[in-house]
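Participant: Turn this into a structure:
(2 chains)
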Amino acid sequence: MRESEFAYLGKDIPRKGGVERVTGAGIYAVDLVLPDMIRGGVLRSQYAHAKIVSIDTSEAESVPGVFAVVTAKDAPDVRYGRTISDRYMLARNRVLFMGDPVAAVAADSQKTVRRALEKIKVTYRPLPALLDPEEAMKPKAPTLHEEVPLPKNLPKDASVKNVCSYASVHIGEPDKAMSGADLIVEETYETQMVHPHYLEPRTVVAQCDNDRSLTLWVNSQSPFHVRSEVSKLLELPVSKVRVLATEIGGGFGGKSAGVASSASLEPICGLLAIKAKRPVMVILDKAEETVATSVRAPARIWIQTGVKKDGSLVARKAKVIIDTGGYSGQGAIVAGRTTQMLAGWYKIPNVHVDGYVVYTNKQVCGPVRGPGGIQAVFAVESHMDSIAARLGMDPVEFRLKNVPQPGDKTLGGLALRDVSLRQTIEKAVENIGWGRVKLQANQGIGFASTSWIEGAGAGFGTGALVKINEDGSATVLIGKVDYGTAVRISIPMIVAEELGIPIEDVTVLNVDTDTCPWDYGTVGSRTTVSCGSAVKLAAIDARNQLFVIAAGRLEVSVDDLEVRGKQIQVRGSSAKAIPISAVAIAAHSESGEVIGRGYYDAKAVLAEEKEKGTSPPFATHAALVEVDPDTGLVQVLKYVAVHDVGFAIHPDGVEGQIEGGVVQGLGQAMVEQIVIDDKGRTVNPTFVDYLMPTANITPDIDSVIIEGYLGEGPYGAKGVGEVPCVPPPAAVANAIYNAVGVRIRRLPLNPENVLRAIRDQKGTH
Amino acid sequence: MESKSQEGKVLMMIKINLTVNGKRKTVDLEPSLSLMDFLRDTLGIKGVKVCCNIGECGACTVLLDGKLVNSCVVLAADAADCQIVTVEGIAEGDKLHPVQEAFIERGAAQCGYCTPGFIMVGKTLLDQNPTPTLEEIKDFIYGNICRCTGYTKIIEAIQVASKQMEGKGGQP
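Facilitator: So this is what the prediction gives:
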């Protein structure tokens, strides 16, 4: 039990919105009912790669009950994309993967929608489908995007096709250093395509008003990006597009990235609403989501490391191919992340990594929890284990040998202020019982460490407003959306703490792009760090405004005041006090309603990190598995996840992210995969055979929170939403090696793949 | 703008009686309507969540004459003369069921979308087996998928509710 000088922070307060969730309240987008609302649906490509010769919608339009049918000709000729604008909201002239939206229908019922979609006649001229990224890169491969030039920063000698982005890392002299190594290990790893498969289906409701204003209700993690992209794609002024975010039934990044992650469902629905002159609701089927919406990009990683006999790392070279699918999507950002993490967080003075982002005719890469990280860490941490085995070194000792020191530079050039990596490794060792617990036959333990390579000062800032109501309660306006993360957990706690009011008196509003501060979205493990800082500053700003009025009333100086128990009082003396409510009311006629404003200045944080150093959120996981050598079935008997979180504002909330992230990582590690046939068709789109972890195969997770290595977030907090998802594949693969001596370099580690690897190994020995 | 009507087609409707959360209802249904769509769209009971639509995830779990079913793969017409209980029907007025309380207390609802389904399953387990072991809990609940929590706090919540309800003979 730790001591705390805080009223709320560090405690496990029930999350706001808990009652709604346990009573089944209709708070999600799928629960919306608008008067006169009709339904919509999307027709998608039947080929992985084809020219669209013609589209005949006449029969569909005549189906009784149909209000509107739209194709690319009804939409402005505008493209969108995160780094390359290579995508239309409705396919124009050609389709590039089987989920590509071709047409859409609005009708009086879901049945009518389906009937009408069947009547749309699309004539395709099929083209060869490119399904393997290395084949797509070959000089003789067909070009999927004629209009996208090869990246300017490609190495001069690269003779490639269908590469839309390139990223690289270069430190020191890797070729020279490699030739001086005592041992060189070279391997290839492969990760598979998975879907984030949140349970709540993607939903959009669109309503067009007479003055051509469009209102959209969306279950999006990034409502402001939806607004700007819908505005661009439908050629409406931003001020004429209003996005209302509902509470979300899971996202994991798959509901972020503006309209890209939904395959432009938002503008399609908007277009239907404009044409139908009725509000339109589109709910995607989960099988449709597997085929059409954002996935985690598959990756192929070649990695080579040189070490000295004593285990010190001297050089690393690596190449990663990110298979980004039919459009560029999030590929460039994933490649940037993966290339950086392939260089790793261990001390390696010489590194060269090449990252290629390649078009194929498959689902499009989107941001999915820990994008690029899970791909890199499967390779890096399996590889570390592999090197240790060849050196005859204990894999823990090998990692500890190469842990960086405070003062060492990270890849981004920031110096390390402190390093919790050693402590996370040692704690994982202790809790899993490495070297202590008696393992049975075919049992093994594996480790994997990671960090999140982004400094806290990367990216955009975040704004917040805190209004003080006349009963002394506070209303918080932010641009972030509740899907079970910090928004209704740590955010209201911070406001309650700074204003001295009960948590029941803090309300966090759902995002309305008309009234809430602009935000890049609930992504990147940033809510507590950036939004938490912003609301802290906003609450303090509001508190200062209250103090000015209260100081006048109490005839003291503002410096003498503090908040406690819904009152503003002279420090240490509750006798001289005035209720916050009274001051809030007074403000209405003196200075205007008290509205506090806060901004998390990422640039300033980055500058401070440059000066004082950074403290990354290191983590180490350990898995204890048992392998059945006859069936290939792997059971995870015990799992330990040790995470440096700086300061846990809500320990149960932090644990929840660790536990959930671990299981999502175990999903990718062991059961999940999107299987695509040689025509580019997904063969397992439904939950019947898109397998996900269930309670009976999930291990007991021992989650350990390490505090004290303070981060840039409020009260020293660090983000934790994504890191836990990243180590599991490597931890399990390393445990399998420890158990049965077989190293498996591709995912998932399902019975088929494990058994094949065991038999292959027996065959070659 | 009016929608065109289904000329010449007479929709066959079935009249059934059933009880939903203690309230008797008489309704005319399309024969192909699922119990899930009936509860959500016809009766407006949103505590039945829509997800996979093929009975694989448990989000739409309800009690049908005391048995747990995935309402998306049950025909509403097949619920004639039956008692349906959804998550909206297990609280006693303002007093939440111990399983609901435990989910709040243990932080077992992150996004909350799977929560109603798990609460129906958890309540039913404890009604049948008031002191389940960890293995018994896992064996009973694994037909419900959660993507957020990793199941740890859901299991803890059921264990907490079990202790709460212990000796009280379960809930009616």
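Participant: Report the separation between the nearest residue to A:Pro751 once chain neighbours are set aside and chain B.
Facilitator: In space, and not counting its chain neighbours, A:Pro751 is closest to A:Gly632: 3.7 Å by CB to CB, 6 or more residues apart in numbering or on different chains. Heads up, the C-betas are built off the backbone N, CA and C, glycines and all. Distance, A:Gly632 to chain B, using CB to the nearest CB, to the nearest Å: 21 Å.
Participant: Now name the helix or strand holding A:Gly632.
Facilitator: Using DSSP states H and E, A:Gly632 falls within no helix or strand.
Participant: Next one: it relative to A:Leu755, how far apart?
Facilitator: 3 Å (CB to CB, to the nearest Å).
Participant: which residues touch the residue nearest to A:Pro751?
Facilitator: With contact taken as CB atoms under 8 Å, 6 or more residues apart in numbering or on different chains, A:Gly632 is in contact with A:Asn750, A:Pro751, A:Glu752, A:Asn753, A:Val754, A:Leu755, A:Arg756, A:Ile758.
Participant: which helices and strands does the longest helix seen in chain A pack with?
Facilitator: If you go by DSSP state H, chain A has its longest helix at helix A:532-554. Judged by 3 or more CB pairs under 8 Å, 6 or more residues apart in numbering or on different chains; DSSP states H and E, helix A:532-554 is in contact with strand A:462-468, strand A:474-478, helix A:490-499, strand A:561-564, strand A:567-570, strand A:573-579, helix A:580-590, strand A:595-600.
Participant: ranking these by mean pLDDT, which is last?
Facilitator: Note on the helices and strands packed on helix A:532-554: strand A:573-579 shows the lowest mean pLDDT, a mean of 89.
Participant: mind listing what's buried in that one?
Facilitator: A:Lys576, A:Ala577, A:Ile578, A:Pro579 (16 or more other CB atoms under 10 Å in any protein chain shown).
Participant: correct me, but the last one touches A:Gly472?
Facilitator: Yes. The pair formed by A:Pro579 and A:Gly472 meets the contact definition of CB atoms under 8 Å, at 6.2 Å.
Participant: So for these two, which residues contact both of them?
Facilitator: With CB under 8 Å, 6+ apart, A:Pro579 and A:Gly472 have common neighbours A:Lys566.
Participant: So which of the helices and strands packed on helix A:532-554 is nearest B:Cys60?
Facilitator: Closest to B:Cys60 of the helices and strands packed on helix A:532-554, according to CB to CB: helix A:490-499, at 30.7 Å.
Participant: quick one, the closest one and strand A:462-468 angle?
Facilitator: 50 degrees (axes from the mean of the first three to the mean of the last three CA atoms, to 10 degrees).
Participant: what angle separates helix A:490-499 from strand A:595-600?
Facilitator: Interaxial angle, helix A:490-499 versus strand A:595-600 (the same axes, to 10 degrees): 120 degrees.
Participant: Whether helix A:490-499 contacts chain B - can you check?
Facilitator: No. Using CB under 8 Å from any CB of the partner chain, we find that helix A:490-499 stays clear of chain B, coming within 12.3 Å at best.
Participant: ok and the residue in chain B nearest chain A?
Facilitator: Relative to chain A, the nearest point of chain B is B:Gly47 (2.2 Å; CB to the nearest CB).
Participant: and which of the buried residues of strand A:573-579 is nearest chain B?
Facilitator: Once CB to the nearest CB is applied, the member of the buried residues of strand A:573-579 that ends up nearest chain B is A:Pro579, at 28.5 Å.
Participant: could you list every residue that touches that closest one?
Facilitator: Shown here is A:Pro579, whose contacts under the criterion CB under 8 Å, 6+ apart are A:Gly472, A:Lys566, A:Gln567, A:Ile568.
Participant: what separates it from B:Lys25, distance-wise?
Facilitator: As for A:Pro579, its distance to B:Lys25 is 49 Å (criterion: CB to CB).
Participant: okay, now the closest residue to A:Asn544 other than its chain neighbours: neighbour count?
Facilitator: Nearest non-adjacent residue to A:Asn544, counting by CB to CB, 6+ apart: A:Val558, 7.3 Å away. Neighbour count for A:Val558, taken as other CB atoms under 10 Å in any protein chain shown: 15.
Participant: This completes my enquiry, with thanks.
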